[in-house]
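Enquirer: build me a structure from this.
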Amino acid sequence: MFTEEELASFHGVLQTTPEFVEIDCGCTNPRYGDTPGKLRAYVDGKVEIDCNCTEDCPKVNVSPVEFARHAGRTNAHNNWKSQIWVFSHDGHKIALRRTCLMKHHTHAFQRLLRQVTHRDEFKRCSRCNKERRFTVRTKETSLRNEKVEKYAEVVLELKDVRVASNVFV
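Expert: Sure thing, here's the model as predicted:
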């Protein structure tokens, strides 16, 4: 995965296996200081970090973006490669983007920050025969929207009953 020369340029290499390399890392917050962690770079491109900020920290096997956010960094989804660092052999901090650890990294393992909407999806309405724009929904959002629609129908029925009772009085 990595040559001996590449790994010799780092201080704090904890474990080297054919599947991954584990190395000490960290993220510096200007206000709160350094947050230590253990970075695992896998052969298939996945990067995971175990946070060591406290002994009982629940952040284990998190993405680099989540680790940088946990360390208190803003704009971590864009700049995590320059915010997370490892130690060089002489003890200096080097940003991940300047190291060879990212050569196998792919963005396939990064979760999306927001739900993807397809704004250009047009369907023909069966009621009015017009071409209308629809968004793709997950099952959860469609169930939530159905509950909101049912609630709105009940409110409208109550308003109709109130209006009808006022007319006949």
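
Enquirer: C-alpha only now, for contacts and for neighbours.
Expert: Will do.

Enquirer: tell me the contacts of residue 58?
Expert: By CA atoms under 8 Å, 6 or more residues apart in numbering, the contact set of residue 58 is residue 51.

Enquirer: how about it, secondary structure?
Expert: Put simply, residue 58 is coil when judged by DSSP: H, G, I helix; E, B strand; the rest coil.

Enquirer: so what's it scoring on pLDDT?
Expert: Per-residue confidence at residue 58 stands at 90 (pLDDT).

Enquirer: tell me which helix or strand in this protein has the weakest average pLDDT.
Expert: Here the helix or strand of the chain ranked lowest by mean pLDDT, DSSP states H and E is helix 139-168, holding a mean of 64.

Enquirer: do a quick rundown of the helices in this protein.
Expert: 4-8, 64-70, 76-83, 139-168 (DSSP state H).

Enquirer: just the C-alphas of the shortest one, formatted as PDB.
Expert: So the one you mean is helix 4-8. Listed next in PDB are the C-alpha coordinates belonging to helix 4-8 (Å, rounded to 0.1, in the frame of the first residue of the first chain):
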ATOM      1  CA  GLU A   4       8.700   2.000   3.700                       C
ATOM      2  CA  GLU A   5      10.200   5.400   2.600                       C
ATOM      3  CA  GLU A   6       6.700   7.000   2.700                       C
ATOM      4  CA  LEU A   7       5.900   5.600   6.100                       C
ATOM      5  CA  ALA A   8       9.300   6.500   7.500                       C
END
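
Enquirer: how is the protein partitioned into domains?
Expert: 4-108, 138-169 (automatic domain parsing).

Enquirer: what about the longest one, distance to the chain center?
Expert: Translated: domain 4-108. 16 Å (CA atoms, centre = their mean, to the nearest Å).

Enquirer: near residue 56, how many other residues are there?
Expert: 8 (other CA atoms under 10 Å).
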